[in-house]
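Q: here is the input, now give the coordinates:
(chains A, B, C and D)
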There are 2 protein chains.
Amino acid sequence: MTDRDQDTEQRILDAAHTVFLRRGTAGARMQEIADEAGVNKALLHYYFRSKERMAEAVFQRAARRLFPPVLAILASDDAIEAKVERTVAHYLDTLAETPFLPGYVLAELQHHPERITRTLESLAGAPVQGLGLRVFARLAEQIEERVRDGTLRPILPDQFVVNLLSLCIFPFAARPMLEVVLGLGPDGFDAFIRERKRTLPGFFLNALRP
Amino acid sequence: MTDRDQDTEQRILDAAHTVFLRRGTAGARMQEIADEAGVNKALLHYYFRSKERMAEAVFQRAARRLFPPVLAILASDDAIEAKVERTVAHYLDTLAETPFLPGYVLAELQHHPERITRTLESLAGAPVQGLGLRVFARLAEQIEERVRDGTLRPILPDQFVVNLLSLCIFPFAARPMLEVVLGLGPDGFDAFIRERKRTLPGFFLNALRP
DNA sequence: ACCGGACTTTACCATATGGTTAATCCATCC
DNA sequence: GGATGGATTAACCATATGGTAAAGTCCGGT
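A: Coordinates of the predicted model:
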């Protein structure tokens, strides 16, 4: 593989990413991807045998952007407060730049649940059995500890994680509606997210106060 | 229109609902809808001129199930605590029965943002300008009041609503992934939601404690 | 200069898909 | 019982779409 190959394959993957995120997998057209990449449609099939495989590649890449960083944060040895703040900061920063990502990934999860296991194992490099338990083991310990101390309200680790992800990801998935319902003009959503970045960690941590 | 018409049109709409939610709008096939309804494909076009119009009808119906009840709760004169509890109870109960609904609506919002205004106005029966402000006016008053009392942590009404919706809706949109990551067996998700119904109001209200 | 192989394009194919048409069915009315 | 008209179907149509074959094109090695 020469440099040019890498470039082209990468350009195609980028184009596919753009189009799949914009239209969804079923709504994406190979021709539109080719146009977006500035190449011929047949070239897509040269690098990725079929739309199906291309969809898989794009999904993995999208999932890799969405989840691993946060799992790393949650599995780290940081204190709970730091984990919450870092997670919020990471999501609100990165998602502000790729607005379609959450909606795309959620839609794919519903339409191709069979991909989930494969993708997660590829991301984690390990079988998926009890993946959550292992990743969140440290978090669970911390929660238990702090509950014993009386410095944390009891909460199941699962609910902790889902609450945190919900508050970070959902606003982006619902963005088009929020813009209308909340009457946000241009930059209105950005301002909303900035405000959120400022207040969400406090909100979340306050909820965990005993 | 005879009874039979109503029945058939309704059956087709139900079938369309099922298929659109299962596959997404772009992935849905008219033939599959016809099969699901047990009628000929041409009959779909007899009642709904085109796939586009059928999609619109299904989306409106889905949006009508998802939003108005909660807007009514939030706009009511109930105390804040009651609003939170009623919202959580309503969402976790109704969404447990229609698992694809949130994902479908969120995906449609992204792919057809032009529909949002039209749909919201049709649901509200009023122009969309400042819709949020009007609906949440009572809520905003209550928050302000309680903050003055010192019985509530300051929070912007927009953030209040988005936080609440996030916590209620997101878990269903992310359900397929949560089932894998959290290692939920059959009924595992239901149990997760039951636990959530029990603890989420406390979590949310605790976050608002001053 | 020419060879081989990777890369890229042109032209094409088979099928899926949304949509239409014309005929048929069937309840209702006279 | 036949006419009427909406409901329903079978058979089609035009096009979009994913995919393929074959013919270049480019480039490094000899």
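Q: could I get the helix-or-strand element of chain A with minimal mean pLDDT in PDB with only the CA atoms?
A: Using mean pLDDT, DSSP states H and E, helix A:131-135 stands out as the lowest-scoring helix or strand of chain A, at a mean of 81. Extracted in PDB, the C-alpha atoms of helix A:131-135 (Å, rounded to 0.1, in the frame of the first residue of the first chain):
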ATOM      1  CA  LEU A 131     -17.400  -6.300  30.100                       C
ATOM      2  CA  GLY A 132     -19.400  -3.700  32.000                       C
ATOM      3  CA  LEU A 133     -18.700  -5.300  35.300                       C
ATOM      4  CA  ARG A 134     -14.900  -5.300  34.700                       C
ATOM      5  CA  VAL A 135     -14.800  -1.800  33.300                       C
END
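Q: which is the next helix or strand following it?
A: Scanning forward in sequence from helix A:131-135, with DSSP states H and E defining helices and strands, the next element found is helix A:137-149.
Q: touching chain B at all, that following helix?
A: No. With CB under 8 Å from any CB of the partner chain as the threshold, helix A:137-149 lies outside contact range of chain B, at a closest distance of 12.1 Å. For every residue, glycine as well, the C-beta is placed using N, CA and C.
Q: and stretch A:44-57, by the same measure?
A: No. Counting by CB under 8 Å from any CB, no contacts exist between stretch A:44-57 and chain B, the nearest distance being 11.6 Å.
Q: report the buried residues of that stretch.
A: Counting neighbours by 16 or more other CB atoms under 10 Å in any protein chain shown, one finds that the buried residues in stretch A:44-57 are A:44, A:47, A:48, A:51, A:54, A:55, A:56, A:57.
Q: same check on stretch A:141-157?
A: Neighbour counts over stretch A:141-157 (16+ other CB under 10 Å) mark A:142, A:143, A:146, A:152, A:153, A:155, A:157 as buried.
Q: same question for stretch A:121-134.
A: Within stretch A:121-134, the residues that count as buried by 16+ other CB under 10 Å are A:123, A:124, A:128, A:131, A:132.
Q: redo the buried residues of stretch A:44-57 as a markdown table? Include secondary structure and pLDDT.
A: Listed next are the buried residues of stretch A:44-57 as a markdown table, based on DSSP: H, G, I helix; E, B strand; the rest coil; pLDDT from 0 to 100:
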| residue | secondary structure | pLDDT |
| --- | --- | --- |
| A:44 | helix | 95 |
| A:47 | helix | 95 |
| A:48 | coil | 95 |
| A:51 | helix | 97 |
| A:54 | helix | 96 |
| A:55 | helix | 97 |
| A:56 | helix | 95 |
| A:57 | helix | 95 |
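Q: near DNA strand D, list only the ones from those.
A: When these are filtered against DNA strand D using CB under 7 Å from any atom of the strand, the residues retained are residue A:51.
Q: nearest to chain B, of the buried residues of stretch A:44-57?
A: The shortest separation between chain B and any of those is 11.6 Å, and it belongs to residue A:55 (by CB to the nearest CB).
Q: does that closest one touch residue A:26 like I think?
A: No. Proximity of residue A:55 to residue A:26 does not meet the contact threshold set by CB atoms under 8 Å, at 9.3 Å.
Q: who's in contact with the residue nearest the centre of chain A?
A: What sits nearest the mean C-alpha location of chain A, by CA atoms, centre = their mean, is residue A:66, with 2.3 Å. By CB atoms under 8 Å, 6 or more residues apart in numbering or on different chains, the contact list for residue A:66 reads A:101, A:102, A:105, A:169.
Q: how many neighbours does residue A:196 have?
A: A count of neighbours around residue A:196, defined by other CB atoms under 10 Å in any protein chain shown, yields 21.
Q: do the same with residue A:136
A: The number of residues packed around residue A:136, counting by other CB under 10 Å, is 21.
Q: pretty sure it contacts residue A:157?
A: Yes. With the criterion set as CB under 8 Å, residue A:136 and residue A:157 qualify as a contacting pair; they are 5.0 Å apart.
Q: what distance do you get for the residue nearest to the centre of chain A to DNA strand C?
A: When distances are taken as CB to the nearest atom of the strand, to the nearest Å, residue A:66 and DNA strand C turn out to be 28 Å apart.
Q: what do you get for residue A:111?
A: Distance of residue A:111 to DNA strand C, computed by CB to the nearest atom of the strand: 14 Å.
Q: any stretches of chain A with poor pLDDT?
A: Across chain A, the ranges flagged by pLDDT under 70 are A:1-6.
Q: could you redo the last one with a cut-off of 90?
A: Within chain A, the set of residues satisfying pLDDT under 90 comprises A:1-8, A:99, A:117-136, A:181, A:183, A:185-186.
Q: can you give the contact residues for the least confident helix or strand of chain A?
A: Applying CB under 8 Å, 6+ apart, the external contacts of helix A:131-135 come out as A:71, A:74, A:75, A:120, A:124, A:158, A:161, B:180, B:181, B:182, B:183.
Q: just to revisit the earlier point, and which of the buried residues of stretch A:121-134 is nearest residue B:201?
A: Of all the buried residues of stretch A:121-134, the one with the least separation from residue B:201 (CB to CB) is residue A:132, at 24.6 Å.
Q: ok, now how distant is the closest one from residue B:187?
A: If you measure residue A:132 against residue B:187 using CB to CB, to the nearest Å, the figure is 17 Å.
Q: now swap in residue A:194 and tell me
A: 41 Å.
Q: neighbour count: these two, which is higher?
A: With other CB under 10 Å as the criterion, residue A:194 and residue B:187 differ in neighbour count, and residue A:194 comes out ahead with 13 against 9.
Q: end-to-end on stretch A:169-188?
A: Between the opening and closing residues of stretch A:169-188 there is a gap of 18 Å (CA to CA, to the nearest Å).
Q: report the buried residues of it.
A: When burial is assessed from 16+ other CB under 10 Å, stretch A:169-188 yields the following buried residues: A:169-182, A:184.
Q: neighbours around residue A:10, how many?
A: 12.
Q: secondary structure element for the residue nearest to residue A:127 when sequence neighbours are not counted?
A: Of all residues beyond its chain neighbours, the one nearest residue A:127 is residue A:121 (6.1 Å), with distances taken as CB to CB, 6 or more residues apart in numbering or on different chains. With elements delineated by DSSP H and E, residue A:121 resides in helix A:114-124, which encompasses its position.
Q: contacts for that helix?
A: The list of residues contacting helix A:114-124 from outside it, by CB under 8 Å, 6+ apart, reads A:56, A:59-60, A:63-64, A:67-68, A:108-109, A:127-128, A:131, B:176-177, B:180-181.
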